[in-house]
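1. Structure for this input, please:
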Amino acid sequence: DADLRNYETIIGWLESGDTEKAHTFARTLRGEMTLFREAVDREQAAIEAGTLAADGRLDTLIITNRLAREGKYRYYDRDSGKFAEAPLDLPPASDDYVLASNPLVRVETLEAVLAEAARRYDPGEHRFVLITKSHGGPEHALAVRLSRHHEDISREQLLAGLAGETDDAPPPPAVGVTKAEYFAALDEAGREHGMRFSLVFMEACRGIFATGEEQQLPTNVQLLYTSGNRSLQYATLDYPALLEQISSDRTFADALDAWLLPKYMALYREEATNWWQLLWFAPLIVLVLWSIGRSGRKPPQTDIPVS
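-> From the prediction side, this is the model:
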């Protein structure tokens, strides 16, 4: 509720401004309140339906911010052949209402989810695919669209800053999981729990890396895709089409790799070396969820000032 009031307050200020820039940001934020949630709902339903249709060839674990606020997640239960819910031990809720509303943009939560995935699905028998769907940025793999707290700025400061009339407005807080923290969480999942990732898709805008940062990617990740220096739509993956391709000869990781390859930036690890190779592909023109898959294959070779 506090996060919603913050959105409504900031949007109201923007709508009261005199510039088209302020009105554009207001429309963007108002759309965010429904469009992202609707995209998450559609994708969650598609993932669950596709997992059931795969008939035991895929294990899946899903968590969204709404589920995390309730301290639970959903997973495919092989015994019943259905999806079930289970409790998840998460860090205590933050006093910051933005973080309390969006618990999945905390690195402690990412670590807890990966640990639970390793507990439920034996890393000795599984290879994992991780998909994180979130807002992002040049430094953040997981972020929120609106980190600005209306208590920290006045309407006049906000509108004057957008109009370029002043630069004395306090900067918005940096809320989210940095790319360095994201990589560290994947590395810890490998060292502490033995998890190996056939593929990781960091589905977030501005999925770029600082010079040399790609060398920090952990050795337990074979292939990582990211958006590169561009924005994404609310829906990026066609889950029904991807999940239909799963068969006894084709894993979810195979299908996802083939779909992402022509469109996105990839970091991959050679079979015989620990060096990362960086490939740039043609540009294309946000729930955070985890899809965990069984894989027996050989490993494959816009900024908004108020946010």
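
2. could you measure residue 153 against residue 145, distance?
-> Between residue 153 and residue 145 the computed distance is 16 Å (C-beta to C-beta, to the nearest Å). Bear in mind the C-beta positions are built from the backbone N, C-alpha and C, glycine included.

3. repeat for residue 237
-> With distances taken as C-beta to C-beta, residue 237 is found 20 Å from residue 145.

4. Check residue 112 too.
-> Looking at residue 112 against residue 145, where the rule is C-beta to C-beta, the gap reads 23 Å.

5. Where do the strands of the chain begin and end?
-> All strands of the chain, identified by DSSP state E, fall at 61-62, 72-77, 82-87, 128-133, 140-143, 176-178, 197-203, 223-226, 265-269, 276-279.

6. Could you verify my assumption that residue 76 touches residue 83?
-> Yes. Using C-beta atoms under 8 Å, residue 76 makes contact with residue 83 at a distance of 5.8 Å.

7. Which neighbours do those two have in common?
-> Each of 48, 51-52 lies in contact with both residue 76 and residue 83 under the rule C-beta atoms under 8 Å, 6 or more residues apart in numbering.

8. got a markdown table for those residues, with distance to residue 246 and pLDDT too?
-> Listed next are those as a markdown table, based on distance: C-beta to C-beta, whole Å; pLDDT from 0 to 100:
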| residue | distance to residue 246 | pLDDT |
| --- | --- | --- |
| 48 | 14 | 97 |
| 51 | 9 | 96 |
| 52 | 12 | 96 |
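
9. quick one on the thing from earlier: nearest to residue 4, out of the strands of the chain?
-> Taking C-beta to C-beta as the measure, these were each checked against residue 4, and strand 140-143 came out nearest at 18.3 Å.

10. mind saving the C-alpha coords of that closest one as PDB?
-> Output for strand 140-143, consisting of C-alpha atoms alone and laid out as PDB, is shown next (Å, rounded to 0.1, in the frame of the first residue of the first chain):
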ATOM      1  CA  HIS A 140      21.700  -3.300 -11.900                       C
ATOM      2  CA  ALA A 141      20.600  -6.700 -13.000                       C
ATOM      3  CA  LEU A 142      17.400  -6.500 -10.800                       C
ATOM      4  CA  ALA A 143      15.800  -3.100 -10.100                       C
END
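
11. and it, how far out from the chain's middle?
-> 7 Å (C-alpha atoms, centre = their mean, to the nearest Å).

12. before we move on, what about stretch 58-71?
-> For stretch 58-71, the distance to the chain centre is 12 Å (C-alpha atoms, centre = their mean).

13. buried set for that stretch?
-> Judged by neighbour count (16 or more other C-beta atoms under 10 Å), stretch 58-71 contains these buried residues: 58-68.

14. What is the longest helix of this protein by residue count?
-> The longest helix of the chain (DSSP state H) is helix 20-53.

15. Would you mind getting the angle between that one and strand 128-133?
-> Comparing the axes of helix 20-53 and strand 128-133 via axes from the mean of the first three to the mean of the last three C-alpha atoms, to 10 degrees yields an angle of 150 degrees.

16. which helices and strands does helix 20-53 pack with?
-> For helix 20-53, the helices and strands in contact under the criterion 3 or more C-beta pairs under 8 Å, 6 or more residues apart in numbering; DSSP states H and E are helix 2-15, strand 61-62, strand 72-77, strand 82-87, helix 155-162, helix 239-244.

17. nearest to residue 194, of these?
-> Sorting the helices and strands packed on helix 20-53 by C-beta to C-beta, the top spot, which is the nearest, belongs to strand 61-62 at 16.5 Å.

18. And the closest one, what does it pack against?
-> Of the remaining helices and strands, those touching strand 61-62 by 3+ C-beta pairs under 8 Å, 6+ apart are helix 20-53, strand 72-77, helix 107-120.

19. want to throw those into a markdown table with mean neighbour count?
-> Rendered in a markdown table, the data for those read as follows (neighbours: other C-beta atoms under 10 Å):
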| stretch | mean neighbour count |
| --- | --- |
| helix 20-53 | 16 |
| strand 72-77 | 19 |
| helix 107-120 | 20 |
